[in-house]
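K.L.:
whatever this is, show me its structure:
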Amino acid sequence: MPAQPGSPMQRKPPSPRTRVIAADAPSPAGQVPIVTPTVQSTTFRIDGALNDAMDRGDYRSQFLYTRMGNPTVRALEERLAELHHAEDAVCTASGMGALSALLFAHTHPGDRVLVASALYGVTDSLLDRYLAPAGRTIERFDALQPDSLRHALDHGPAALVLVETLTNPLVDAPDLPALATLCQQHDTPLAVDYTFPNPLVCTPIPLGATFVVESLSKSIAGHSDVHGGLVCGPRDAIHPVWEAMLHLGPCLDPHAATLVRRGLKTLALRTDAMQVGLGRIAEHLATHPDVARIHAPGHPHPLPSWLQGRGGMMSLVLRGGDPRALRFLDALRIIEPATSLGGVESLACLPFNTSHRLPASRERIGLQPGTVRLSVGCEDPDDLLADLDHALSASA
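P.N.:
Numbering: from 1, shown residues only. As a prediction, the model looks like this:
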């Protein structure tokens with residue numbers, strides 16, 4: 001029987017101009033790649049499974065548009081949630097994007113938000129310049145004194161409590177279990193900014209925290225080559241964070257997620273090397289005549305029981321104030337004078353002109369002139385000690 005006009009048998013093949021654009025057919029091979037593939041696509045073909053998911057309001061197990069969800073990003077979220085003992089997680093384009101999504105999802109105009117007095121300087125700016133004008137009341141308390149939080153909670157209901165696991169830049173360790181107990185007694189969510197340590201050193205959620213928020217750019221990725229952020233916690237409480245991320249826009253790019261996931265694989269190796277180096281450096285500088293004080297986990301006081309390691313962060317206070325500290329940075333040869341932290345390379349910066357530029361933020365945390373923040377990397381500790389000694393001598 002001859003083919004009818006317009007039947008598939010007579011359909012004209014697409015032209016080369018169309019074929020170079022057309023979507024590829026799925027690979028028939030069934031082998032599973034060892035490395036999670038990077039799905040670098042902004043949008044996805046709509047099929048029956050996606051239609052069913054959209055009917056349920058589910059855009060995270062099936063994928064429509066990468067700002068909503070992406071297979072590469074979702075795989076990273078699930079792995080990080082597992083490491084933090086959380087039910088769910090949302091990844092964002094930066095740590096500040098993660099914190100912003102959390103704060104706007106779980107606080108509302110008229111709410112009290114209780115925050116530690118010692119916080120990262122940009123977090124302070126976010127609270128004072130954006131959250132407070134949006135109708136939230138920001139109240140600060142001393143996270144190193146649990147009674148300070150008790151008094152604030154007894155004063156009235158709060159929508160959220162925000163603290164840091166280890167304070168930036170003085171590396172003080174609040175009593176997280178005590179703070180979590182107080183929040184639970186007052187039915188108040190506790191969010192812990194977790195940027196300084198990592199899940200191998202401490203996991204705040206089993207200690208009673210509701211949320212963990214962190215910059216994935218630091219020790220999780222570990223190579224100073226990608227930005228990312230994370231919020232994890234209970235599944236029903238993470239959904240509003242995902243919605244805030246969706247509307248505020250700080251979604252994590254799939255290629256960035258691949259870089260973070262690659263770095264995560266060497267987290268244990270890097271953590272071991274950093275902790276060895278930090279221990280050597282802290283012990284050496286604690287008695288150095290040009291160093292007025294050091295701030296480091298385990299120095300001079302023992303680590304709290306809930307902290308399972310030192311991590312790689314410390315600060316030192318140089319005799320001679322900020323002018324001496326500037327000369328000290330200029331004299332370093334192996335340790336890089338740069339901001340950020342948690343990478344394989346050691347970095348040093350001055351909080352007075354980086355994280356805590358505002359005088360009010362320096363006064364609030366008691367930042368002394370001459371403070372140098374040090375992120376210990378994976379270099380040979382002997383080389384780092386020699387570099388520090390050289391810079392101390394050259395800056396005198």
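K.L.:
what about the strands in the stretch 101-250 of the chain?
P.N.:
For the stretch 101-250 of the chain, strands defined by DSSP state E, counting those that start in this stretch occupy the ranges 112-116, 137-141, 160-164, 190-193, 211-215, 229-233.
K.L.:
buried ones in stretch 179-193?
P.N.:
L179, A180, T181, L182, C183, H186, T188, P189, L190, A191, V192, D193 (16 or more other C-beta atoms under 10 Å). For glycine as for every other residue, the C-beta is placed from the backbone atoms N, C-alpha and C.
K.L.:
how about the strands of the stretch 101-250 of the chain, which one is nearest D383?
P.N.:
D383 lies closest to strand 211-215 among the strands of the stretch 101-250 of the chain, at 27.1 Å (C-beta to C-beta).
K.L.:
tell me the domain ranges of this protein?
P.N.:
What automatic domain parsing lists as the domains of the chain is 70-264, 267-394.
K.L.:
for T72, find the nearest of the strands of the stretch 101-250 of the chain.
P.N.:
Once those are compared by C-beta to C-beta, strand 229-233 is nearest, at 14.8 Å.
K.L.:
how distant is that closest one from the center of its chain?
P.N.:
Computed by C-alpha atoms, centre = their mean, to the nearest Å, the separation of strand 229-233 from the middle of its chain amounts to 8 Å.
K.L.:
okay, it in PDB with CA atoms only?
P.N.:
The C-alpha trace of strand 229-233 is given here as PDB (Å, rounded to 0.1, in the frame of the first residue of the first chain):
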ATOM      1  CA  GLY A 229      26.600  27.400  50.800                       C
ATOM      2  CA  LEU A 230      24.400  24.900  52.700                       C
ATOM      3  CA  VAL A 231      21.400  24.800  55.100                       C
ATOM      4  CA  CYS A 232      20.400  21.500  56.500                       C
ATOM      5  CA  GLY A 233      17.900  20.400  59.100                       C
END
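K.L.:
sheet partners, orientation included, of that strand?
P.N.:
Paired neighbours of strand 229-233 in the sheet (DSSP bridges): strand 88-92 (antiparallel), strand 211-215 (antiparallel).
K.L.:
can I get the ones you listed in TSV with mean neighbour count and mean pLDDT?
P.N.:
Shown next, in TSV, are these (neighbours: other C-beta atoms under 10 Å; pLDDT from 0 to 100):
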stretch	mean neighbour count	mean pLDDT
strand 88-92	27	98
strand 211-215	28	97
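K.L.:
now render those as JSON lines, adding distance to C349.
P.N.:
Output for the strands paired with strand 229-233, formatted as JSON lines (distance: least, C-beta to C-beta, whole Å):
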{"stretch": "strand 88-92", "distance to C349": "24"}
{"stretch": "strand 211-215", "distance to C349": "15"}
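K.L.:
nearest to D225, of the ones you listed?
P.N.:
So among the strands paired with strand 229-233, strand 211-215 is nearest, using C-beta to C-beta, at 13.7 Å.
K.L.:
can you check what angle separates the closest one from strand 160-164?
P.N.:
Counting by axes from the mean of the first three to the mean of the last three C-alpha atoms, to 10 degrees, strand 211-215 lies at 40 degrees to strand 160-164.
K.L.:
dump the C-alpha coordinates for strand 211-215 into CSV.
P.N.:
C-alpha atoms of strand 211-215 as CSV (Å, rounded to 0.1, in the frame of the first residue of the first chain):
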residue,chain,number,x,y,z
PHE,A,211,19.7,23.9,61.5
VAL,A,212,23.3,24.0,60.3
VAL,A,213,24.3,26.7,57.9
GLU,A,214,27.8,26.9,56.4
SER,A,215,29.9,28.1,53.5
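K.L.:
ok, and what's touching that strand?
P.N.:
84, 86, 94-96, 98-99, 102, 106, 189-195, 203-205, 220, 227-233, 237 (C-beta atoms under 8 Å, 6 or more residues apart in numbering).
K.L.:
among those residues, name the buried ones.
P.N.:
84, 86, 94-96, 98-99, 102, 106, 189-195, 203-205, 220, 227-233, 237.
K.L.:
contacting residues for Y194?
P.N.:
E164, T165, C202, P204, V212, V213, E214.
K.L.:
quick check: the two most widely separated of those?
P.N.:
C202 and V213 (14.1 Å).
K.L.:
nearest spatial neighbour of I365, skipping sequence neighbours?
P.N.:
Distances taken as C-beta to C-beta, 6 or more residues apart in numbering place A118 nearest to I365, at 4.4 Å, with adjacent residues excluded.
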